[in-house]
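# Provide a 3D model corresponding to the input given below.
(chains A, B, C and D)
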4 protein chains.
Amino acid sequence: MFDPGWNPLHSVPSYPAERYGALADRIGGILMSRNDILLVQAEAVVALEAVAVSLARPGLSALNIVTSLYGGWFGQWLRRSGAAVKDIVAEPGLPIEVEAVARALDAGPHIDVLAVVHAESASGILNPLPEILALARARGIVTVVDAVASVGGHRLDVDHLGIDIAVIGPQKALGGPAGLSALSVSRRAWELILRDGAPRDSILSLADLKTWIDGDRRGLPGTPAPLEFFALEAALDRIEAEGLENIVTRHALAASATRAGLTALGASAWVPAAKASNLVTAVPVPEGLAPPALIAAAGRLGVELTEGVGTAPARLMRLNHTGPRATFQAVLSKVVAYGAALRQAGHACDIAAAAEAICEVYSR
Amino acid sequence: MFDPGWNPLHSVPSYPAERYGALADRIGGILMSRNDILLVQAEAVVALEAVAVSLARPGLSALNIVTSLYGGWFGQWLRRSGAAVKDIVAEPGLPIEVEAVARALDAGPHIDVLAVVHAESASGILNPLPEILALARARGIVTVVDAVASVGGHRLDVDHLGIDIAVIGPQKALGGPAGLSALSVSRRAWELILRDGAPRDSILSLADLKTWIDGDRRGLPGTPAPLEFFALEAALDRIEAEGLENIVTRHALAASATRAGLTALGASAWVPAAKASNLVTAVPVPEGLAPPALIAAAGRLGVELTEGVGTAPARLMRLNHTGPRATFQAVLSKVVAYGAALRQAGHACDIAAAAEAICEVYSR
Amino acid sequence: MFDPGWNPLHSVPSYPAERYGALADRIGGILMSRNDILLVQAEAVVALEAVAVSLARPGLSALNIVTSLYGGWFGQWLRRSGAAVKDIVAEPGLPIEVEAVARALDAGPHIDVLAVVHAESASGILNPLPEILALARARGIVTVVDAVASVGGHRLDVDHLGIDIAVIGPQKALGGPAGLSALSVSRRAWELILRDGAPRDSILSLADLKTWIDGDRRGLPGTPAPLEFFALEAALDRIEAEGLENIVTRHALAASATRAGLTALGASAWVPAAKASNLVTAVPVPEGLAPPALIAAAGRLGVELTEGVGTAPARLMRLNHTGPRATFQAVLSKVVAYGAALRQAGHACDIAAAAEAICEVYSR
Amino acid sequence: MFDPGWNPLHSVPSYPAERYGALADRIGGILMSRNDILLVQAEAVVALEAVAVSLARPGLSALNIVTSLYGGWFGQWLRRSGAAVKDIVAEPGLPIEVEAVARALDAGPHIDVLAVVHAESASGILNPLPEILALARARGIVTVVDAVASVGGHRLDVDHLGIDIAVIGPQKALGGPAGLSALSVSRRAWELILRDGAPRDSILSLADLKTWIDGDRRGLPGTPAPLEFFALEAALDRIEAEGLENIVTRHALAASATRAGLTALGASAWVPAAKASNLVTAVPVPEGLAPPALIAAAGRLGVELTEGVGTAPARLMRLNHTGPRATFQAVLSKVVAYGAALRQAGHACDIAAAAEAICEVYSR
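Here you go, the predicted structure:
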C-alpha cells in the first residue's frame, strides 16, 4: 500500500562538493590525527584491501598479525601483490602477545610494514596496540591498524600512537552508515605507497584518492553517493553531540556489565577481561547445547544473539554491545535472555544474580 | 553541519486523493466496523472535542463516565454546547463499576448519549466496556467510546460491541503518527448529529467531514497533511504485517510481565490486575520517596519512567508498556531500572526476583 | 515490495520540549514581531477559526473584509460566537478598496476588530494591507491578518505594520509542512481575548495556548506531533539559509515573469498587476474553452495547472508560482504548457513570444 | 538547529536477507535476462573493474571498443591482469562503426572477449549495439556491455541480444541510489571467469559473489548497506509503477525535443541524431564563447548545464536529459536557458523558435 511513487529516500540531491573537505576534517577529529584523511566509497573491507594493494610490491616485507579472518585476508592481499609476508597467529580467543611480535620483528629479515587489527568483532579480543606500535616505531616500520570495529569503542589517538595508516568504518560503534569507510595516511606511508608501481585507476588505488588532496581538495575523487554522505554527516552530528570520550565510556560500561552479568549467570567470557574489547563478548556454550537453539529461544523474546567464531570443540555465543547496543537496556536484556535460553534448554543458570550484577556495574 | 538545503522530510509530494478512501477502509478494518470512518487532521483530543460539539445541543441528555481528566473535559464540552450532563466519577485507581452505571441510567431522566473512556493511559485502569455497552444498548442510548489509548492494546470489536462512535489515535499502541486521528460513526449517531443545529464550517464539525462520504468519497474533506498521511499508511503496513491480534497479545504479555516483575520487586500495582489495562502500570511510590528522584535515577540508566496521576497522598510511578515499549526488552529494563532507582534511594527491593518473574511470564 | 517493517518516517522520537521555544522565536523572526508567538497543531484554517472564536463574544463589533471564501468563513465564526459583524465584500478579481474600508469604519457603530486576508491564493489578489492597517491603527481597532498564503511571498513586517494578530502556515511560500500553523498575538489582542468568557479547554482556545507563555514557556501546550515539528525546523533551516528577503524577491520575479509571459501569449491576467499577489496568477480562459480540457492537456506535459475561482461567466485558469514553484523552470513550463494547451484546443497563441518575454524578465 | 540526535536516515535496520534474492530477480526483469544477477556494493565503475579483473588472465585476448575514458580504463584493467587487448577507438563525437569492429575481429588473432559501452554520458553517442553483438555472437566471443548510462534510456534486452555480461547502475536513467550496481553474467561468461586463476577474496572478484548463487542464494555475499538497498527497492517500485518501456519512451521524447529545440535555437548537436543516445545532448559552443560563462549564466536562472568532453578546438556544452531530467519541464528550461546564456554572451539565437520546436515535439 506504500506509495510506489514516493519515499523519503528518493529525491536526494547531490552531496555538495564544498562540504567534502569538512567531512574529512571531522573524521580526522575522531581519529585525533593530522594525517591525510581519505574517504572510500565502499564498506571498510574494501579500504583494507586498497591499503594492502597500494602498499605491496615485490620487495616489500611485512609482518602480519592474524587474530581473525580479516588478518588472514590482509596477508593474502599483500602476498598477491608481491610482498613477502610473515604471518604471526594468536592463540584462539586471545590477542597476540607482545613478546611474540617482538620476537618476530627481531628474527629478521628487515620488515617494512606491520599490520594488526585493533579489536576483533568476532571473538571480542583486543590486541595490545600501544605496545605493538611502540615496537614498530622503534624499528621505523610503517604501521597499518584495522580500527574498523574498535573506533568509538576504544580510545584511538592515531598521531599520539604513531599509526601510519588507520582504517575505520562508521557503521559499528559510531552507529553510522555502512556504505563508506575512511582512512588516515601518514607522510611515511605515502612515501611507501607512491614509490614506483603504485596502482592507479582502480577502486583499490590510494594514489587515486590522493589526487584530491594534491589538488587542494577541489576536484572530488569520484561522485559521492548522496545517501551515504548525508548519513555520515548526520552520524558525525550525533557523535560530536554525545562526545567521543563519552561514547568510549559507554562501551566500556556495557562491556563490564555484560561480563559481570555472564559471570553471575554461571557462564564465563571466552576472552579474559584484560584482553577483551569493549565491543562484543563471546561466551562458550555449555557442552551438549547448540548455539542455534539458544539463538532461536532468545529471538522469541525479541533479543538478538549471534554465534561467535571460535575453535572446535568450543562453540561460542556472541553478545554484541556495540553502538546503539551499548546501553543498560540492551546489555540487561541480552544477558537475561541468554540465561532464559539456557534454562529453556535444560541448563540451570542464575538469571537473578545476573540482573543484580548488571545493576551493580551500572550503579557504580 | 546538516545540510540546511536538504532533509528527507522535505520534498514530500501531495498525498494522492485516490488513496484516502482505502486508508479509511483500513482503519475500519482495525476497528472491525462497517460504520463510516472519518479522519480528523489533528490529534485525537480534537476528534473527541468534535464528537462532543457535534452531538450536543440544548435538549440532549448525557451520562458521562469520568475516570480521568479526559472524561472531565468531554463532559464540559457537552455542557458548553448546551447538553444536560450527568457525570459519574470512579474511585481513584479504579475503573467505573458497572452497577454505578446501571444505577445512574435507571435514576432517570432519559439519557440520549453515554460516553466512556476504554482505557486510561494516566492511571492504567480499564473500564468494563462490554458490560457498560450492553446496558446502553438495552436502553437505546448512543454510545461514545474514547479508545485513543486502548486501540491495539485491547480487542476493540466496534460493531460487535455496538459502539456508535469510537475515537482512536494511531500514536499509542499502534505506533503511528500523532498528527491525525480517526473515528467511526454509526447511522444512529449520524441521526443525532445531523438533526437541527449541527455545527458546520469548523474543525469541530463532524457534519463537514460527512460531505466526503455523501459525495461518494470523491472530494476530500480538506487537503491531507502529507507527512501524517504517508506515515499513517506506513504504520498500517506494519500493523497489518504483525497482525492486530498479535499486537494485542504482545501488549497483554507486557502487562502481565510488568506486574509480575513489580510484585516480585516488592512493589504492587496501583490498579488491581483484573481492572487494569495492558498499556501502562502505575505503582505507588514508597512513603518518603519522591517520583522525580526515581525518574532521574532511571534516566541515568537510559530508561524512561514517568509520574502517574493519582490522588494524594499516594504518589505514583508509571511504567509505560505501550506500542514499541510492549517488548521483553523494555519491560525488563523498566522494572529493573525502577528497582535500581528504589535501592539508590535507600529502599530495599528484590531486583533478582523481578528479573526471574519477568522471564517466567515471557517463557510460558 | 517496500518493507512494511520499516520506513524512515517511523521511529521518529518525541520532539524535544527544550527546543519548542526556540522554534517559536524563529517564527517570530519571520514575522519580524516581538509579540507572543503561538503554534497551533493543525492546519492554518484551524488557527483562523481559533482566532475568531477566541475574540468573539456578544458585544464585540467587527469589520470583516471579504475577498474569498476564507473571509466569508471568518465572519461566520465571529457571528456564531456572538459578535456583531459587518462584512464588506470586494469586486470579483479585485482587492478591497481602501476607500470602502474607510467608509465602512466611519459609518459606525464603533468597531473593535478588523479582519482581512493579505493575499488570496484562489484569485491572486493582494489587499492593500498597509493602508488598511493605518486606518485601523488610527481608530484603535484590533487587527487580524490572515497571512497564510502571503508569508514568504510578500514582506510582512508585523510590528512595523502594527498587526495585532497575524496567522501563518508554513506550507505555501515557505515550503514547509502542512500539519501545523502559527500566529502572533499583541498585548492589545490578548486583552480582548482574555476578558470574561474566553473559551478554554479547546483546540480553538488561544487562552489555552497562552498558559505556555505565562508559565515561562516550560510546560508545552500539548505534545508536539514529531513529524511536523522536525519538518518545521528543517524548513526554517532552509528559509534562513536562503534569506526571507531573497524568498520574497524570488516570488516577485516569478510573478512578473508569469504575467509578462501570459501577456505575450495573448492572454491577460485577471487581476491587474498593481493589485495582484506574487503567489498565483489567474487568467480568464478564452470563450468556448473549458479549463478541465486545458488542465488535462498541460498534465500530459507533466505540468500542473488548476482551475481558479472566479465569477461567471468568466472561467479562470490558475498558474501557481508559490514556494518551490517560484522558479524560472516552473514559470517557463507553466506558461508555455498553457499556450500549448490553448493551441491544442484550437486557440492560436504566441508561445514563442511568451518564452522570450519570460527570459527577458529573468535576464534583467 | 537540526536535531543532532535525530535524522530519518538513522535507525535504519539491517536489510532483510530474505529479500536480497527478490531484489536480484527484479533487476533481472529490468535486464530481461535469466542470467545470474549479481549486486556489487559500490558504484558501477567498480563493477566494471571487477568484470575486467575477473575475466583477464595471461592468454586472454580482448577487443576493446573505446568511445570514452571508461572504455580506455576497461582496456587498462584487462591489460593489467595480463590479457592481450586490442583497442579500437571511434572518431570524436561518433559511435564506433560496425565495419571497423568487423575488420578488427577479422584481422585476428582469435578474440575471446569483446567490450563496449552502450551509450556514453559524456558525449551522448550511442554505439550500434545489436550489430556489434551479432558480429561477436557469430564468432563465439564473450561480450561485455557497459550499460550503466543507457539502462532505462534505451531498450536493453540482454538475453535476446545475447549479452554475456551487462553492467548497470541505478543512479542515472533509473533514478535510483548511487552506492551500488549490478551485473548479469551468462553461463559462458562464468566459464571464462572460473577457469584457473580467478581472483578471490576481493571486492573485484565476481567468483566471490557467485558463492551466493552456488549456495542456493542463502548466505549473502557481504552485509548489504541498508540505505542503498532500501533505496534500490524504492526505486524499483517506482520503475515498475511507471513501466520500463514508458521510461525509455520518456527519454526518447526528451532527446528528440532537446535536439529540435537546439536546432531551432541555431545550435546543432555535436552527435548526429541517428548516432546519439537518449540521455544527453552535447552541443559545440560558438567560437569565442567559453562554457564556464554560459554555465554560470544558466545557473543564475536555476538551470544546470555542464561542460561536455570533446576534442579541441571544439568546446562542448552538455544538456543532460536523463532520469528525472527527462521531462518537458527540464528540457524546455535547459534549452531556453542555454539560449538566454548565449544571448547574454552577445550571441544571437532564436529562443522563441526553440520553445515552439520543443512544444511541437511534445505535442505529437
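# Now do stretch A:21-32, average pLDDT.
The pLDDT scores in stretch A:21-32 average 97.
# Which positions in that stretch come out as buried?
In terms of neighbour count (16 or more other CB atoms under 10 Å in any protein chain shown), stretch A:21-32 has its buried residues at A:21, A:23, A:24, A:26, A:27, A:28, A:30, A:31. The way it works is simple: take the backbone N, C-alpha and C, and place the C-beta from them, glycine included.
# Validate this expectation: residue A:296 resides in a strand.
No: under the criterion used here (DSSP: H, G, I helix; E, B strand; the rest coil), residue A:296 is helix, not part of a strand.
# in the helix or strand encompassing residue A:232, what's buried?
Assessed by DSSP states H and E, residue A:232 sits inside helix A:226-242. By neighbour count, and taking 16+ other CB under 10 Å as the criterion, the buried residues in helix A:226-242 are A:226-239.
# State the distance from residue A:318 to residue B:191.
From residue A:318 over to residue B:191 the distance is 64 Å, taken as CB to CB, to the nearest Å.
# Please identify which of these two sits among more neighbours.
More neighbours surround residue A:318 than the other of residue A:318 and residue B:191, with 22 against 11 (other CB atoms under 10 Å in any protein chain shown).
# now that one, what's its secondary structure?
With three-state DSSP as the basis, the three-state label of residue A:318 is strand.
# Distance-wise, check it relative to chain B.
Between residue A:318 and chain B the distance is 18 Å, computed by CB to the nearest CB, to the nearest Å.
# cool, residue A:174 as well?
15 Å.
# That residue contacts residue A:232, doesn't it?
No: with contact defined as CB atoms under 8 Å, residue A:174 does not count as touching residue A:232 (9.3 Å).
# Sketch out the helices for chain A, chain order is fine.
For chain A, helices defined by DSSP state H occupy the ranges A:20-31, A:44-55, A:69-80, A:98-106, A:129-138, A:158-161, A:187-194, A:206-214, A:226-242, A:244-265, A:291-300, A:328-344, A:351-363.
# Now look at the first one and say if it contacts chain B.
Which is helix A:20-31. Yes: using CB under 8 Å from any CB of the partner chain, helix A:20-31 reaches chain B at A:22, A:26.
# which residues are contacting that helix?
The set of residues external to helix A:20-31 that reach it, using CB atoms under 8 Å, 6 or more residues apart in numbering or on different chains, is A:34-35, A:37-39, A:151-152, A:156, A:158, A:166, A:168, A:174, A:182, A:184, A:217, A:220, A:224, A:229, A:232-233, A:236, A:239-240, A:244, B:1.
# orientation of that helix relative to helix A:226-242 in degrees?
When axes from the mean of the first three to the mean of the last three CA atoms, to 10 degrees is applied, the directions of helix A:20-31 and helix A:226-242 differ by 40 degrees.
# And the second one, by the same measure?
Using the same axes, to 10 degrees, one finds that helix A:44-55 and helix A:226-242 are set 100 degrees apart in direction.
# export helix A:44-55 as CSV, just CAs?
The C-alpha coordinates for helix A:44-55 follow below in CSV (Å, rounded to 0.1, in the frame of the first residue of the first chain):
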residue,chain,number,x,y,z
ALA,A,44,35.6,-0.9,5.2
VAL,A,45,36.9,-4.2,4.0
VAL,A,46,37.4,-2.5,0.6
ALA,A,47,39.5,0.2,2.3
LEU,A,48,41.6,-2.5,3.9
GLU,A,49,42.1,-4.3,0.5
ALA,A,50,43.1,-1.0,-1.0
VAL,A,51,45.7,-0.4,1.7
ALA,A,52,47.3,-3.8,1.1
VAL,A,53,47.2,-3.5,-2.7
SER,A,54,48.5,0.1,-2.6
LEU,A,55,51.4,-0.8,-0.3
